[in-house]
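Engineer: All I have is the shape, not the residue letters:
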């Protein structure tokens, strides 16, 4: 027990030191952690770490995916769902069969289904390394969203495909049965994810304590993963759906205190889990080599096969991205044409002022126009396509799934080493060259001046919503009486600059003037929040602008003690 605690403490210290050093020297932290893990494992006297793969699949993967899904901008995810789906489903399947065919050819004693199972293991890229590099170098937010979205969904595709291929090794499944199992795994996972997300958000909204709501959030990924797996569905996909649902609805149902505490806690948990897996990957490499040697198999042969599979995976991804970018270009052209016809659409709506669904139609037009503007202004181009094609680093799922292959598999140790070879080669190879590629191609992030302009415009819109609420004839106190004109005027001038010490839940000790001030401040905050939710639903502003404004509102609400009743 003491040795285990010492190892955990040492791992945390290594993660902190390596992360700081990686940021200072401009290298990818996951790459550095793999190398450090390998070097530490070579130190005499360092104990062997034997971690069951199920602990990674069950204990690490769900919280990692949930954390990423909760912070995923759902509007951007919806807009690029086609590209994300193509990369995370079609590309994974194509990669699994292509690499599986090569492995089957090089290991003739292996059945084709077993080779496809290994191909599924090495097919899903891990978005952690790519996005950590991309965010540091300032990639466009749309490109980061596509890579993160791919990393969220492709794990589910790979694990379901691996499970189906393993079942096929026993000859007990047909093509139709495989497709049926795949569809069942997806549908049931989506249903479970929505149910768990809705119940967890509702339950947390009834708890008036940020510490307790954060505690509940820690078990939500497992509440989604375990039931879905027990039902024979994809637990990973259920976790992703739960995270997306929670992230999109938490603004309406959770308090600012809850959201700020959750963001901080999950950021810490994600850092520890992600970094720990990459550190473990390097740490276990020499033990895996020893297992292959002990089994009388060839380490060099396994490494060569891993290199060949890596080349195939890279080639398939590069080829796949070409039609994907052509499709995105076509979408941009269609969106530009649609923007040119928006005035005609709006004139038709205005020509029918008495239409019973006019408000809904106008709202739909606002959303369609915002989407078309997004596709037109944030086109990735061939440079962005090159970055997507070269962002094929493997990681957590490849590490865990390879070790979860059945012990009855022929060449199991060698297959595991092949998977590790693919993961390490892509992680170090792509990870060390991706920054150079981004700089060489001149891929730049979102226009900072445009982002500042959007933010100022959004803040002005929220301010107008606040003034409209103060000027409304419907402005009333909870008991139906009117606010003092002097209090309203003070609120108009001071906004949320009042002394936070005046805002306390002990309302019975406050004067009537301060009670009115507190109540009015809460109403103003609600008006701003409603305006922000409206802007978010329309998609008029970039997700980064919405996120920045939401963080500002949450910070103000926390500072002045404004909470939802």
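Structural biologist: Perfect, thanks for sending it. Please read all numbers here as calculations on a predicted model, not as lab measurements.

Engineer: I'd guessed residue 313 sits against residue 419; true?
Structural biologist: No - if you go by Cβ atoms under 8 Å, residue 313 and residue 419 don't touch, sitting 11.5 Å apart. (C-beta placed from N, C-alpha, C; glycine too.)

Engineer: mind listing what's buried in the strand or helix carrying residue 279?
Structural biologist: Residue 279 belongs to helix 256-294 when elements are defined using DSSP states H and E. Within helix 256-294, the residues scored as buried using 16 or more other Cβ atoms under 10 Å are 256-263, 265-266, 269-270, 272-285, 288-289, 291-292.

Engineer: Kindly report the same for stretch 377-395.
Structural biologist: Applying 16+ other Cβ under 10 Å to stretch 377-395 flags 378-380, 383-395 as buried.

Engineer: Okay, now the unreliable bits of the stretch 251-400 of the chain?
Structural biologist: In the predicted model, the stretch 251-400 of the chain carries pLDDT under 70 at residues 256-257, 295-297, 353-356, 358.

Engineer: follow-up on the earlier one: next structured bit after the helix holding residue 279?
Structural biologist: Toward the C-terminus, helix 256-294 is succeeded by helix 299-350 as the next helix or strand (DSSP H and E).

Engineer: That next one versus helix 256-294: what angle between them?
Structural biologist: Orientation check (axes from the mean of the first three to the mean of the last three Cα atoms, to 10 degrees): helix 299-350 against helix 256-294 gives 150 degrees.

Engineer: Output the contacting helices and strands for whichever helix or strand comes after helix 299-350.
Structural biologist: As assigned by DSSP H and E, the chain's next helix or strand after helix 299-350 is helix 358-377. Applying 3 or more Cβ pairs under 8 Å, 6 or more residues apart in numbering; DSSP states H and E, one finds that helix 358-377 contacts helix 74-79, helix 299-350, helix 512-538.

Engineer: among the helices and strands of this protein, which has the poorest mean pLDDT?
Structural biologist: None of the helices or strands of the chain scores lower by mean pLDDT, DSSP states H and E than helix 512-538, at a mean of 65.

Engineer: In this structure residue 67 contacts residue 265, no?
Structural biologist: No - between residue 67 and residue 265 there is no contact under Cβ under 8 Å: 9.4 Å.

Engineer: before we move on, the earlier item: anything in contact with each of residue 313 and residue 419?
Structural biologist: By Cβ atoms under 8 Å, 6 or more residues apart in numbering, residue 313 and residue 419 have these common neighbours: residue 122.

Engineer: The residue sitting nearest the centre point of the chain: what's it in contact with?
Structural biologist: Against the mean C-alpha coordinate of the chain, by Cα atoms, centre = their mean, the closest residue is residue 68 at 3.1 Å. When contacts are counted by Cβ under 8 Å, 6+ apart, residue 68 touches 127, 148, 151-152, 243, 270.

Engineer: Counting neighbours, which of those comes out on top?
Structural biologist: Within those, neighbour counts (other Cβ atoms under 10 Å) peak at residue 151, which reaches 29 neighbours.

Engineer: Tell me how this protein divides into domains.
Structural biologist: According to automatic domain parsing, the chain comprises the domains 2-329+370-446, 449-559.

Engineer: looking at those, which is buried most?
Structural biologist: Among the domains of the chain, domain 2-329+370-446 has the highest mean neighbour count (mean count of other Cβ atoms under 10 Å), at a mean of 19.

Engineer: where does residue 242 fall, phi/psi-wise?
Structural biologist: With angles defined as degrees, to the nearest 10, residue 242 sits at phi -60, psi -40.

Engineer: residues in contact with it?
Structural biologist: 66, 69, 193-194, 196-197, 200, 220-221, 223-224.

Engineer: rerun that using 6 Å as the cut-off
Structural biologist: Taking Cβ atoms under 6 Å, 6 or more residues apart in numbering, we find residue 242 in contact with 193, 196-197, 224.

Engineer: Which of those fall within helices?
Structural biologist: 193, 196-197, 224 (DSSP state H).
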